[in-house]
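Visitor: okay, predicted coordinates and the sequence, questions at the end:
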Amino acid sequence: MSEGFFIDHVIYGVQNVDVAAKRLRREFGLGSVPGGLHLGGTTNRLIPLEPPAYIELLGISDPTKPDGAWLTSTLAGCERVLWWVLSVDDIDRSAQQRGLPVQSGLMQMTDGSSLSFRTAGMNRYPLPFFVAYDAGPQARLNHMRRLLAEAAHDCRPGQFSWVELGGPPEVLDGWLGDSDLPIRAADSAQPGITRAAIACDAGEIVFGPHASS
């Protein structure tokens, strides 16, 4: 039975979310909206795509805290794609099939609102983890449409056209099962996502390693 996978979002690690957001606006016409401040020492901004997909800019807010220290070490002064996240029809079923616990999360946004969700598989990085939002599909779609309008892009972004992955393909096949996700193989033995592309009316935009300015 299909699990209804689609790419919910891709996490792009940056040194400073505001600096990165300005660069992406300048180079590609992509706008963004404020996200939230995380207790572990990171912060984010969101680049809404064709709803409900988005790119999360994940930046360092406090390198002395665990998540901030990890991101500082992982990025090593650069920017790069870190992770990708799949929305599923039934997160309890998807988690059970893989022997995973389901965890609840809450994101406090800078506008005072909050976003509650459930995840499975975050402890299996760099494999993609799974997410379901408590608000439900239609409310989620409406929310992302509002964020898309607020971002005021200078272009018209679509959804993810492909993600590029390294490592043994049999590991990913065992994790995802029979899916039709737009996956490309990277020329790398290192597991995890290396690049991601979004469709855009101005041409395809590729997110990959980038020297931080």
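Guide: The structure has been received and is ready for your questions. Residues are numbered from 1 along each chain as shown.
Visitor: quick check: which ranges of this protein have low pLDDT?
Guide: 1, 108-111, 212-213 (pLDDT under 70).
Visitor: helices of that one, start to end?
Guide: 17-28, 66-75, 91-98, 137-151, 169-176 (DSSP state H).
Visitor: so for residue 107, which of those helices sits nearest?
Guide: helix 137-151 (12.0 Å; CB to CB). In short, each C-beta sits where N, CA and C put it, glycine included.
Visitor: can you pull the buried residues of that closest one?
Guide: For helix 137-151, burial by neighbour count (16 or more other CB atoms under 10 Å) applies to 140, 143-144, 147-148, 151.
Visitor: one more: stretch 31-50?
Guide: Buried residues in stretch 31-50 (16+ other CB under 10 Å): 31-36, 38, 41-50.
Visitor: from the chain's centroid, how far away is it?
Guide: 10 Å (CA atoms, centre = their mean, to the nearest Å).
Visitor: can I get that stretch as CSV, trimmed to CA atoms?
Guide: Provided in CSV are the C-alpha atoms of stretch 31-50 (Å, rounded to 0.1, in the frame of the first residue of the first chain):
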residue,chain,number,x,y,z
GLY,A,31,11.6,35.5,-0.8
SER,A,32,11.3,34.1,2.7
VAL,A,33,9.4,34.5,6.0
PRO,A,34,10.6,34.4,9.6
GLY,A,35,10.5,31.0,11.2
GLY,A,36,11.3,30.5,14.9
LEU,A,37,14.0,30.2,17.5
HIS,A,38,15.0,26.7,18.6
LEU,A,39,16.0,25.9,22.1
GLY,A,40,19.0,23.9,20.9
GLY,A,41,20.9,26.9,19.5
THR,A,42,19.5,27.1,15.9
THR,A,43,17.0,29.4,14.2
ASN,A,44,15.3,29.3,10.8
ARG,A,45,13.6,31.1,8.0
LEU,A,46,11.2,29.5,5.5
ILE,A,47,11.1,29.7,1.7
PRO,A,48,7.5,28.8,0.8
LEU,A,49,7.3,26.9,-2.5
GLU,A,50,4.2,25.7,-4.4
